[in-house]
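J.: curious how this folds, go ahead:
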Amino acid sequence: MLHSATLAPTAAHASARHRRGSLVGDALTLLRDPGILGIWLHANRLAELLASAHAPHRAGKRTQQIANELRAKLLPPARSGVYPDLEVRPGSFIRAVSLAGTGAPMAVPGTPRPLSRHERLQGLLAGTHLLMSDGVYLPANDRNRHPDLRNRLTLTLPSLGDDAADRSLAQVDVVVLRGGRLHRLYEVESNAGKAAKALLRLGDVLATAGTPPEIVTAVPDAQVDRLKLELERPTLRALRGVCRILPFSEIEDPFGP
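T.: So this is what the prediction gives:
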């Protein structure tokens with residue numbers, strides 16, 4: 001199963017019931033998950049997330065095979081209105097939305113203001129790794145901006161044995177843990193200059209972490225080339241082997257044109 005946050009079908013979803021554990025049933029559960037609700041997913045991306053769940057009935061199936069089954073079994077009925085809470089757009093994109101009066105959760109219920117782009121990207125990264133059964137840590141001040149993820153977040157980090165390194169680690173935008181160990185660190189920044197400063201702060205973490213985690217720095221597409229230049233600086237050159245640059249577009253629309 002994807003995880004325990006399964007939505008109980010409401011009257012508005014009655015026509016969308018499927019056998020639990022079926023491909024379509026698992027896809028519906030994922031699309032209606034509070035961490036994914038309202039987000040457009042390409043059929044290929046949806047297939048990747050379903051494949052990562054390692055369900056026995058999908059054993060041996062390649063991601064492309066799962067994607068093709070989704071195009072055949074889920075997208076056509078969704079287009080015809082069988083699922084009132086699903087929307088489909090050209091290019092094999094699909095999402096679930098909250099329907100008024102159905103009791104379906106909003107993606108971010110009760111928030112006083114819309115999420116910033118930084119917060120939205122942070123939530124997308126965190127939600128994706130939670131669906132992959134990874135542990136995810138967000139800075140304490142950011143957790144309230146993601147109420148539908150908050151109860152599934154890891155609240156403590158492994159100590160690195162150095163106070164400065166522990167403080168730096170706790171400020172990282174998204175910390176991914178796998179097997180209780182640091183697996184990946186995401187920094188989401190609005191420009192290359194801020195990204196470079198964030199990377200400098202991670203020097204303590206890399207120096208004390210033993211096996212260095214992968215560092216992924218997300219920046220607007222227009223800032224990618226500038227960040228590559230920043231990584232040529234002597235103070236950042238050592239990070240080139242462990243740091244990957246991720247354009248915002250690959251998080252927001254990974255299979256877009």
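J.: neighbours around the closest residue to residue 150 other than its chain neighbours, how many?
T.: What sits nearest to residue 150 in space, not counting adjacent residues and going by C-beta to C-beta, 6 or more residues apart in numbering, is residue 143, at 5.1 Å. Bear in mind the C-beta positions are built from the backbone N, C-alpha and C, glycine included. By the criterion of other C-beta atoms under 10 Å, residue 143 has 16 neighbours.
J.: next one: residue 220
T.: Residue 220 is flanked by 16 other residues according to other C-beta under 10 Å.
J.: can I assume it is in contact with residue 246?
T.: No: the criterion here is C-beta atoms under 8 Å, and residue 220 misses it with residue 246 at 10.8 Å.
J.: got the CA positions of the longest helix seen in the chain in PDB?
T.: If you go by DSSP state H, the chain has its longest helix at helix 117-131. The C-alpha atoms that make up helix 117-131 are tabulated as PDB, following Å, rounded to 0.1, in the frame of the first residue of the first chain:
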ATOM      1  CA  ARG A 117       6.300  29.000  -4.400                       C
ATOM      2  CA  HIS A 118       9.100  28.000  -2.000                       C
ATOM      3  CA  GLU A 119       6.500  26.300   0.300                       C
ATOM      4  CA  ARG A 120       4.700  24.700  -2.500                       C
ATOM      5  CA  LEU A 121       8.000  23.200  -3.900                       C
ATOM      6  CA  GLN A 122       9.000  22.100  -0.400                       C
ATOM      7  CA  GLY A 123       5.700  20.300   0.000                       C
ATOM      8  CA  LEU A 124       5.900  18.600  -3.300                       C
ATOM      9  CA  LEU A 125       9.400  17.300  -2.500                       C
ATOM     10  CA  ALA A 126       8.400  16.200   1.000                       C
ATOM     11  CA  GLY A 127       5.100  14.600  -0.200                       C
ATOM     12  CA  THR A 128       6.900  12.600  -2.900                       C
ATOM     13  CA  HIS A 129       9.400  11.100  -0.500                       C
ATOM     14  CA  LEU A 130       6.700  10.300   2.000                       C
ATOM     15  CA  LEU A 131       4.900   8.400  -0.600                       C
END
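J.: which residues are contacting it?
T.: Contacting residues not belonging to helix 117-131 are listed as 2-3, 30, 33, 35-36, 39, 49, 52-53, 115, 136, 138, 142, 145-146, 149, 152-153, 173-174, 176, 184, 186, 188, 190, 218, 248, 251-252 [C-beta atoms under 8 Å, 6 or more residues apart in numbering].
J.: what residues of whichever strand or helix holds residue 87 count as buried?
T.: Here residue 87 sits within strand 86-89, counting by DSSP states H and E. Buried residues in strand 86-89, counted by 16 or more other C-beta atoms under 10 Å: 86, 88.
J.: in three-state terms, label residue 184 for me.
T.: strand (DSSP: H, G, I helix; E, B strand; the rest coil).
J.: elements contacting whatever helix or strand residue 24 lives in?
T.: Assigned by DSSP H and E, residue 24 belongs to helix 23-31. Judged by 3 or more C-beta pairs under 8 Å, 6 or more residues apart in numbering; DSSP states H and E, the packing partners of helix 23-31 are helix 43-52, helix 63-73, strand 93-96.
J.: these: which one's closest to residue 157?
T.: Residue 157 lies closest to helix 43-52 among those, at 23.3 Å (C-beta to C-beta).
J.: what residues are up against residue 251?
T.: Residue 251 touches 121, 124-125, 218, counting by C-beta under 8 Å, 6+ apart.
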